Each structure stands twice: as structure tokens, then as C-alpha cells.
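J.: only geometry, no sequence info:
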Ligand SMILES: [Cu+2]
């Protein structure tokens, strides 16, 4: 039985099997496949919970790959362009996820800088975006997107390395883990636990002068949390757990000042840099912190 067929059978019952979700798609398949098969409804299932193919450490996952036009850039303004190929052919069609067909994340390898951008597709299914680098050094770029395959929505998270030449090399030391930080005059505190093996919840409280803030929707959620592991730069992308998930969700609701995330680290233990994005008073905020995943 090939992988695609197995997934098709599994998805309708996957939502009731969350408790047994394990750390890789392979394991999920094995565990659930012994359950009595449920006939496919032919409906495109939301599988936001499923881990993507790829964790951002490699440019190719199951025949789908990112191909950058160049891997060398310079300090200052650049244009990055790339194609997503599936067995050698450019992918033309994408599933909208969190309001965009493709999310493009850029970090430097010391994890001191972070950019979350949205390229635009042009001729020959080539994506491109303007990007500015303030520092020279080694970087990783990630493409986060969803494709429809055989009636299912399959997520991909592909990574590729680039070099930025010029002056002003990145100097950054990963700070020690902390649970309180300040961003643009907002106090952010984090509670909850993280685990390499279990699903846990991470909770953030955001206050200004002691009062909880109200979040504005940002890309179909009240908050986005991206974690990158020191060393191999494996990425986990998490979303606020009390938003109405779905590719086309318009707005969300959440308790004022509180952000809850289903925290999962499919790549396992390590020291991670977490990048939390949320919007307050129409301004996008980025809170960054370090956490140890055991
Ligand atoms: Cu995005």
C-alpha cells in the first residue's frame, strides 16, 4: 500500500486519534493503519494537526523541492526568486493557508534575525520577493506551504541555505531561556511546558502597563509561533490553539491578552529560539526567546 493511499484512509479518523499522534508521519501511519479503515468521503480534510513533510533542514521532501535561483546575496536590498518543483515540474497550484499560498521565513544561523515574508508568483510559476539583509553571514530560508494531493491537503516545510556577503557580520549569542521579556513596551510572559515527546500547551500573557492587550487578527490567527532549533535549524510552526483553524478562516477570537499554542517539536529535544508574532493596535510585534526542549 503506498503512502498516499494510506493517508487517504487515515484522515477521516485522524481527528479522533490525536492522542496517539506521534512524532512522525510514518509512525502515525503505522499506528492508525491497524484501525478499521474508514471509507474516504472524497472531501478535502483539514489536517492542520499533521506534521508537515520536511522540518526545514532539507530542500526536498517526498519528491517536492525548493530550488533557489541563487544561494548568494549581499548586504542591502536583494530579490530572492525560487521555484517549488514536484518531480522536476514546477508546482502551479497551492492551498491557501493562513491567508497565503506560501510563507517564507528567513533566519540567520545564529538565530539573531528573523523575517516572515510572502512572495508573489510570477511567470513560469516562479516565486519572488524583495528582501533586505542588514548583516552578512549564513542564513536558512524556509518555504512553508500546502499542496492538494489526491484530495488531501499536505503540508511541506522545506529549507535551503544561503550566504549573504558584505560588511557587518552577524554577532549574536543565543540568550539563556527566560520566561519574561519586553517587546515595544509590552510585557510578555510565557508559562506551560515544552516537551520533545508530548503535546503540550504554551501560554503567553501580553500586558501593557499592567493591563492585558487586545489582539488584532494576523494572517488568520491571533498569533503565530515559530521555533527553530540551534544547530540544525529544524523548524516547528505552531498556531494559536483557540482560533478557528482552516485555510480560509477570516478572523479569530481569543481571550484578551492570552495566546495559547499547541506546542509540538517533531524534531525532538534541543535548544530552540522561538519567534512569536502577534498584532496589537494594528502593529505587528515580534517577541523572541530561548527555550530548552527536553
Ligand atoms: Cu506567513
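T.: All right, it came through fine. All values derive from a computational prediction rather than experimental measurement.

J.: where does this protein have its least confident helix or strand?
T.: Of the helices and strands making up the chain, the lowest-confidence element is helix 25-33, at a mean of 34, by mean pLDDT, DSSP states H and E.

J.: now residue 68. Nearest residue, chain neighbours left out?
T.: Across the structure, with CB to CB, 6 or more residues apart in numbering as the measure, the residue nearest residue 68 apart from its sequence neighbours is residue 82 (4.6 Å). Just so you know, the C-beta spots here come from the backbone N, C-alpha and C atoms, and that holds for glycine as well.

J.: make sure the one you found is actually in contact with residue 125.
T.: No - distance between residue 82 and residue 125: 10.3 Å, which falls outside the contact criterion (CB atoms under 8 Å).

J.: those two: which is more packed in?
T.: Counted by other CB atoms under 10 Å, residue 82 and residue 125 do not tie: residue 82 has more neighbours, with 23 against 15.

J.: what helix or strand is the more buried one located in?
T.: Of the helices and strands defined by DSSP states H and E, residue 82 is found in strand 76-86.

J.: who are the packing partners of that strand?
T.: Judged by 3 or more CB pairs under 8 Å, 6 or more residues apart in numbering; DSSP states H and E, the packing partners of strand 76-86 are strand 64-68, strand 127-133, strand 137-149, strand 152-165.

J.: elements contacting the shortest one?
T.: The one in question is strand 64-68. On a contact count with 3+ CB pairs under 8 Å, 6+ apart, strand 64-68 meets strand 76-86, strand 137-149, strand 152-165.

J.: now the ones you listed as a markdown table including mean pLDDT and distance to residue 216?
T.: Conversion of these to a markdown table gives the following (pLDDT from 0 to 100; distance: least, CB to CB, whole Å):
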| stretch | mean pLDDT | distance to residue 216 |
| --- | --- | --- |
| strand 76-86 | 98 | 28 |
| strand 137-149 | 96 | 22 |
| strand 152-165 | 96 | 25 |
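
J.: among those, which comes closest to residue 186?
T.: Between residue 186 and those, the shortest gap by CB to CB is with strand 137-149, which sits at 25.8 Å.

J.: mind checking how far the spatially most central residue of the chain is from residue 111?
T.: In the chain, the C-alpha nearest the mean C-alpha coordinate belongs to residue 237, at 2.9 Å (CA atoms, centre = their mean). Summarising the geometry, the distance separating residue 237 from residue 111, computed by CB to CB, to the nearest Å, is 15 Å.

J.: give me the mean pLDDT for the host helix or strand of residue 262.
T.: When secondary structure is defined by DSSP H and E, residue 262 falls within strand 258-263. Strand 258-263 shows a mean pLDDT of 85 in the predicted model.

J.: which residues touch stretch 187-194?
T.: For stretch 187-194, the external contacting residues (CB atoms under 8 Å, 6 or more residues apart in numbering) are 179-182, 200-208, 263, 265, 272, 276, 287, 289, 291-294.

J.: narrow those residues to those in strands?
T.: Taking DSSP state E, the ones among the contacts of stretch 187-194 that sit in strands are 180-182, 200-208, 263, 272, 276, 287, 289, 291-293.

J.: for the stretch 101-250 of the chain, give me the ranges with low pLDDT.
T.: 239-250 (pLDDT under 70).

J.: one more pass at 80, please.
T.: 193, 237-250 (pLDDT under 80).

J.: now the buried members of the ones in strands among the contacts of stretch 187-194.
T.: Among the ones in strands among the contacts of stretch 187-194, those classed as buried by 16 or more other CB atoms under 10 Å are 202, 204, 205, 206, 263, 272, 276, 287, 289, 291, 293.
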